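Visitor: I would like to see how this sequence folds:
(one chain, ligands or ions: 1)
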Amino acid sequence: MTLARVDVHTHLGQHGTHVCAPLAEDEIRAWGKVSWDVTPDQHAEAARSADTSIVLAFDAEPVGVVVPNSYVAEQVAGRPELIGFASVNPMRPNAVQLLEEAIEQLGLRGLKLGPTYQHFHPHDKKCLDLLAVADEHRIPVIWHQGTTFTPSAIAEYARPLQLDLVARTFPQLRMWIAHFGHPWADEALSVIRRHEHFFIDASALDTRPWQLAQALASAKEYRVLDRVLFGSDYPFSTVERTAAGLHEAAGMCRKIGIADVTEADVDQICQRDSLSLLGL
Ligand SMILES: [Zn+2]
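Guide: As a prediction, this is how the structure comes out:
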């Protein structure tokens, strides 16, 4: 058995080609290094730790990142263990057409959005028009609805609560919020608990154990732990580090007595059949 049944959150993208300034420079300022620089071979090696991995394109020109849909489609072709997701900035004049092409011609099976990086408000009509395409094609949507280090992102578009209207507008659309919506995990959980097709992923919080412990405790208290999906956010973390971080955070919950998040709870997150839940 691998450490994770489905890793719902992995990236491709190489520094200088797909990941450029200002984001690449802001990575150095914030972290002291560029982490988002991974070859397809490195990604393939890391992906061996999960049975299936979702690989995300990212159309975020306003912050200097474009991992094209065609590139992701090429890399996942003939690799049944990898599922490619498109990314289209709803502000592009031909956004609807680009998403239709990504689904119908490139065979991509989901949509990645990050309003804070793509400079749009989730309630913008252009966004809702794009989501209608996802809804019609029954493809799931992952949202980066949380904070980020780069000042080129627009923080006002990053709050999880903004997705409640989206979920009410598209009640059948499968969606999830990445990184527990950090640092607004409670806000993100308050949204997903209201909508049965809304999920959340636990990625990229292994370096913030206290935040992760609080998020797990809240998910348990709100009774939505069964909608927490496993994601690594590779190359920012790995399946191994994410699984270890979840166990450590659950242990912290029990040790300080904030919630009885058990080892079995964590095992269920790691072995969750996220593909079925997302309709993939
Ligand atoms: Zn990510």
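
Visitor: centroid residue for this protein?
Guide: Centroid-nearest residue in the chain: Ala178, 3.8 Å away (criterion: Cα atoms, centre = their mean).

Visitor: That one contacts Thr148, doesn't it?
Guide: No: counting by Cβ atoms under 8 Å, Ala178 stays clear of Thr148, with 10.7 Å between them. No exception for glycine: its C-beta is placed from N, CA and C like everyone else's.

Visitor: coming back round to it: what separates the residue nearest to the centre of the chain from Tyr234, distance-wise?
Guide: Note on Ala178: its distance to Tyr234, by Cβ to Cβ, to the nearest Å, is 13 Å.

Visitor: Report the contact partners of Tyr157.
Guide: 115-116, 119-122 (Cβ atoms under 8 Å, 6 or more residues apart in numbering).

Visitor: Can you get me a residue count around Thr52?
Guide: 19 (other Cβ atoms under 10 Å).

Visitor: Can you name the element that comes right after the helix or strand encompassing it?
Guide: Using DSSP states H and E, Thr52 sits in strand 50-56. Sequence order places strand 58-60 as the next helix or strand after strand 50-56, per DSSP H and E.

Visitor: Angles on the backbone of Phe199, please.
Guide: Here is the backbone geometry of Phe199 (degrees, to the nearest 10): phi -130, psi -180.

Visitor: roughly how far apart are it and Arg168?
Guide: To Arg168, Phe199 is 16 Å away according to Cβ to Cβ.

Visitor: Identify the contacts common to Ala178 and Tyr234.
Guide: Common contacts of Ala178 and Tyr234 (Cβ under 8 Å, 6+ apart): His9.

Visitor: Give me the three-state assignment for Glu196.
Guide: Following DSSP: H, G, I helix; E, B strand; the rest coil, Glu196 is assigned to coil.

Visitor: Compare neighbour counts for Phe199 and Arg168 and give me the winner.
Guide: Using other Cβ under 10 Å, the more surrounded residue of Phe199 and Arg168 is Phe199, with 23 against 10.

Visitor: How about that one: what's its closest non-neighbour residue?
Guide: Leaving aside its sequence neighbours, Phe199 sits nearest to Trp176 (Cβ to Cβ, 6 or more residues apart in numbering; 3.7 Å).

Visitor: strand partners of the strand or helix carrying that neighbour, parallel vs antiparallel please.
Guide: Assigned by DSSP H and E, Trp176 belongs to strand 175-177. Here strand 175-177 has these sheet partners by DSSP bridges: strand 141-143 (parallel), strand 198-201 (parallel).

Visitor: Same list (these) but as JSON lines, adding distance to Ser218 and mean pLDDT.
Guide: Below are the strands paired with strand 175-177 laid out as JSON lines (distance: least, Cβ to Cβ, whole Å; pLDDT from 0 to 100):
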{"stretch": "strand 141-143", "distance to Ser218": "18", "mean pLDDT": "98"}
{"stretch": "strand 198-201", "distance to Ser218": "10", "mean pLDDT": "98"}
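
Visitor: Please consider this matter closed, and thank you.
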